[in-house]
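Enquirer: What shape does this take:
(chains A and B)
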Amino acid sequence: MRKGLGTLGREIARHPISRWGAGGGLLIALALFLPDYYLYILALAGIWAIAAIGLNVLTGIAGQISIGHAGFMAIGAYAVALLSLRLGAPFWLALPAAGLLNGLIGLAMGLPALRLSGPYLAIATLGFGVAVVEILRRWEPVTGGFMGLKVPPPALGPWVLKSDAAGYGLVMISLALLTALALRLVRSAFGRAWIALRDSEAAAQAFGISLPRYRTLAFAISAFYAGVAGGLLAYRVGRVDPDALTLSHSIFLVTALIVGGLASVPGSILGAFLLTMIFYALGGLGGAIGLRTEVGDFRNILYGVLLILTAMFLPGGLWRLSWALPRRPRLLPATTPPGEGSPAVPGAFSLPSTLSFHPLRGGGRLEIAELSKRFGGVQALWRVSFTVEPGEIVGLIGPNGAGKTTALNLISRFYDPDAGRIRFEGHDLLRYRPHEIIRLGIARTFQNVEIFPGLTVLENLMVGQHLRVRTGLVAAAIGWPAARAEERRLRERAEEVLEWIGLMALAHRPAGSLSFGQRKRLELGRALIAEPRLLLLDEPAAGLHPLEREALKTLLRRIREELGCFILLIEHDMDLVMGLCDRVVVLNFGRVIAQGTPKEIAEDPAVREAYLGEHPAGDFNARAAVNAERGRG
Amino acid sequence: MDALIRYLAGGLSAGALYGLMALGLVLIYRASEVVNFGHGDMAMISTFVAYTLLQARWPLPIALLGAVLFGALLGALVEGGLLRPARHRRASPLTLVVITLGLALVLNGLAGFLWGHEIRTFPTLVSGPPLALGPARITREQTFNLSVGIGLGLVLYGFLRFTWSGLALRAVIQNPEAARLVGIPMDRIFLLAWAMGVALGAIAGILAAPLIYLEPNAMLALLIKGFAAAVLGGMTSLPGAVIGGWLLGVLENLVAGYIATELKTPFAFALIVAVLAVRPAGLLGRPMARRV
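Expert: Modelled structure (predicted):
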């Protein structure tokens, strides 16, 4: 009985409602007992926390840094000021309006900068933040120039929220609301898509995630949060001026994010509160000993040192120090060690029933014609032509550097060919972008196993079903019942496939903690759960044990027979290729030197030449065995 | 007409400084794949060193040389002392960028501590009557800055083209993996790129200081224009950086002259976004092949 009560108590303590209740109680208690000055500082900390949560969606989750978010806060602040001064808008209209305005600016600016990888967003946002300050200073008729604008206090009907306690309450309610939305969003299909793009752009796109769309969305959301935070700041301080939100504030936000804990919503809040406290504590101290100007410089040095030290030595930030706390509820306690001994190929005899059978269509074929691709001085492919007919397993072989992976990457549309055509089931693939290929029914694996290490094993398989996601951004953020039902369906299918690939016990582990063999299994599972009609496999047998290779052979046959999925595979293991493939295409130095049945290939003199080089007398099979041996290492 | 010539000349000489800034940024980015957001503050602090040496009555050339060497040393120290250990700890590109941001903060605070926030005038390096170019007059300073920009560009070209270190640096820029495989000492090349890059920034800062005033935040505009020039040139191309600098200088001078002076920095930002939208590879950059 006592034990039962204990469990019940623990369950109540763990329930989200009790957690939020406890947090709310604490905040109300603080409001009752703390002096006004501290409430003012806490409100400011809450405002920075809101901005930090937004920036975290962009930087921690989507992996892109912004050095100009104070610019968005400034626009939010001025928007709120102008809306209340000129139109008399109430705060509950002005704040979301400021956020939405920023979201739109974010879309317009993020699209060009985020279409590209690399440092472009950081550079563009740096310029943005500084440009906003300049414009606010000079656009005097609207912004009041250097003097800025006075902002009337927010009012709710007849009540004017002028006191520090009321301001504190408004900020904390907004913070709670925006935290809840961010937490939901980060765990939704959107959060998974952002993390997938962050961890592997190529694999994320191959599973249908549009890079420009999702990156820009993350940027717009972070701009929205910054806008609301800026608006709240305007209300709290009572005025806005151009120098209130500058580059140093943008860097302050980045510091809060990194010190608190990248990619963690509570970490962002922790960082913002901590740094705001340090800010005012140092300010108070400096004022007390009469060193007003030096305090600012000392702050900069301290923040800079904190930033560098956390980035180098504590990449998860302070929040990581709370490792002892359970980070996510685990459905299954992973008591057994992560199945190191289990084979890298699913051993179960039948494929998961959740995967559906595609009847082998008569017209469906992959047709590659006269495909050429050049990288600088290297002709990677030269007028390559071959086909994969429905129901076939075709092997693409050739020595290292022959252009095999380039061919796959052209089919996946990661590269544009210099010349030639790629058609699949009558579609001209060259008219599609990388994230649209999966929609046509083509899924793939990668030579260097591109899983999403930052997502759990289960979530990796949910990303594999990205095409099935119908939930919109708002529905995901507020946790609409239909959105939850969809999540449940995705999870159930993922669990079924997990069971089949033998990784169920590891479902809630980060995929980055898997062993090589487990990663390969996960990657194959992720490709299958997308239910492709054509599967592109890049060296599926590399690194596998001979017994696992046998199992893989059986598995690939079953995939063809039971799912109606045809396969193009790159492989160095000649036994596997010869035993499995209906036809083989041999590439050497970017050219097709032979194609035909395995038997024809084995006897082809050109192939022998390419593989054996100067030893034409050698035995092809012996050489193949050597190759297979190498592939294993 | 003479207004136009004046704008062009002023644009080209200012553009030479943006080009120097951009050259340093691109050199560092191409070699070590780090965007140095501390570049402006590194230039600022090097300029303060020049200022202090001049105050201590060092001869002009030696003071300037000392400051540029200080910049080179600072760059090498940042790479060798901070970024290399971080890289060895498998830091992500994001972490490396964050470290340069932290550095910007530290240097900015340090400058405030050591030199204060009051605005200081930096002595002009050259003086003399302006030169006549048709109906317009061009100051000695403008010709000097432009020739330093061109001269340094040529020196850098010669270094990359004709010395072993230059060849190794180009190899690292073009194909880091292959460069490592053939035994090029990567760490030393990174060090070299950082030393040269920050030294170029220091020169840009020293040349810009007489035109603006010197204080801890003085080089922010120069940094943003350096970035704009680099993006305009393609972010990956050294000649592109120089040409991007000139183009930016001339364009912003035309905007300032015919529309409004206040719009210089917003214009640089607008140019960055416009280039990214229309021609992300810039003027001379090649579209970067994605590694899959």
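Enquirer: contacts for the helix or strand harbouring B:A178?
Expert: Element membership for B:A178, per DSSP states H and E: helix B:176-181. Identification of contacts with helix B:176-181 by Cβ atoms under 8 Å, 6 or more residues apart in numbering or on different chains yields B:A168, B:A171, B:V172, B:M186, B:I189. Quick note: C-beta positions are derived from backbone N, CA and C, even for glycine.
Enquirer: of these, closest to A:K404?
Expert: B:A171 (26.8 Å; Cβ to Cβ).
Enquirer: Compute the distance between the closest one and B:G249, please.
Expert: Computed as Cβ to Cβ, to the nearest Å, the B:A171 to B:G249 distance reads 32 Å.
Enquirer: Residues of the stretch 51-200 of chain A that sit close to chain B?
Expert: A:59, A:63, A:65, A:67, A:109, A:111-113, A:115-120, A:122-124, A:126-128, A:130-131, A:134-135, A:137-138 (Cβ under 8 Å from any Cβ of the partner chain).
Enquirer: Just the buried subset of the residues you listed, please.
Expert: Neighbour-count burial (16 or more other Cβ atoms under 10 Å in any protein chain shown) applied to those gives A:59, A:63, A:65, A:67, A:109, A:111-113, A:115-117, A:119-120, A:122-124, A:126-128, A:130-131, A:134-135, A:137-138.
Enquirer: got a list of contacts for stretch A:369-388?
Expert: Identification of contacts with stretch A:369-388 by Cβ under 8 Å, 6+ apart yields A:365-368, A:394, A:403, A:406-407, A:410, A:415, A:417-423, A:534, A:566-568, A:585, A:587, A:589-592, A:595, B:289.
Enquirer: go again using 7 Å as the cut-off
Expert: Applying Cβ atoms under 7 Å, 6 or more residues apart in numbering or on different chains, the external contacts of stretch A:369-388 come out as A:365-368, A:394, A:403, A:406-407, A:410, A:415, A:417-422, A:534, A:566, A:568, A:585, A:590-592, A:595, B:289.
Enquirer: Please apply the same query to stretch B:150-157.
Expert: The contact list for stretch B:150-157, computed with Cβ under 7 Å, 6+ apart, reads B:L20, B:L23, B:L200, B:I203, B:V242.
Enquirer: and which of the residues you listed is nearest A:F313?
Expert: Minimum distance to A:F313 across the contacts of stretch B:150-157 is 31.1 Å, recorded for B:L200 (Cβ to Cβ).
Enquirer: need the contact list for the closest one.
Expert: By Cβ under 7 Å, 6+ apart, the contact list for B:L200 reads B:L20, B:L23, B:G24, B:L152.
Enquirer: count of neighbours near the first one?
Expert: Right, B:L20. By other Cβ atoms under 10 Å in any protein chain shown, 32 other residues sit near B:L20.
Enquirer: Would you indicate which residues of the host helix or strand of it are buried?
Expert: Taking DSSP H and E as the criterion, B:L20 maps to helix B:2-32. Judged by neighbour count using 16+ other Cβ under 10 Å, the buried positions of helix B:2-32 are B:6-32.
Enquirer: Tell me the secondary structure at A:E609.
Expert: Following DSSP: H, G, I helix; E, B strand; the rest coil, A:E609 is assigned to helix.
Enquirer: measure it to A:V586 for me?
Expert: The gap separating A:E609 from A:V586 is 11 Å, by Cβ to Cβ.
Enquirer: quick one, which of these two is more surrounded?
Expert: Each of A:E609 and A:V586 has its neighbours counted (other Cβ under 10 Å); A:V586 has more, 24 against 14.
Enquirer: Tell me which entries of the contacts of helix B:176-181 lie within helices.
Expert: Those of the contacts of helix B:176-181 mapping onto helices are B:A168, B:A171, B:V172, B:M186, B:I189, per DSSP state H.
Enquirer: Let's have those residues in JSON lines, adding neighbour count.
Expert: Shown next, in JSON lines, are these (neighbours: other Cβ atoms under 10 Å in any protein chain shown):
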{"residue": "B:A168", "neighbour count": "20"}
{"residue": "B:A171", "neighbour count": "16"}
{"residue": "B:V172", "neighbour count": "23"}
{"residue": "B:M186", "neighbour count": "17"}
{"residue": "B:I189", "neighbour count": "22"}
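Enquirer: How about the residues of the stretch 151-292 of chain B by chain A?
Expert: For the stretch 151-292 of chain B, the residues in contact with chain A (Cβ under 7 Å from any Cβ of the partner chain) are B:220, B:224, B:227-228, B:231, B:262, B:265-266, B:268-269, B:272-273, B:276-277, B:280, B:289-290, B:292.
Enquirer: Filter these down to the buried ones.
Expert: In those, burial by neighbour count holds for B:220, B:224, B:227-228, B:231, B:265-266, B:268-269, B:272-273, B:276, B:280, B:292, counting by 16+ other Cβ under 10 Å.
Enquirer: what about A:R236, how many neighbours?
Expert: When neighbours are defined as other Cβ under 10 Å, A:R236 has 20 of them.
Enquirer: What pLDDT is listed against it?
Expert: Listed pLDDT for A:R236 reads 92.
Enquirer: Specify the residue positioned farthest from the middle of chain B.
Expert: Relative to the centre of chain B, the most outlying C-alpha is that of B:P135, 32.3 Å out, by Cα atoms, centre = their mean.
Enquirer: Close to chain B: what parts of the stretch 501-633 of chain A are there?
Expert: Within the stretch 501-633 of chain A, no position is near chain B by Cβ under 7 Å from any Cβ.
Enquirer: Number of residues surrounding the residue of the stretch 501-633 of chain A found nearest chain B?
Expert: Closest to chain B within the stretch 501-633 of chain A is A:D538: 9.8 Å, counting by Cβ to the nearest Cβ. Using other Cβ under 10 Å, A:D538 has 23 other residues around it.
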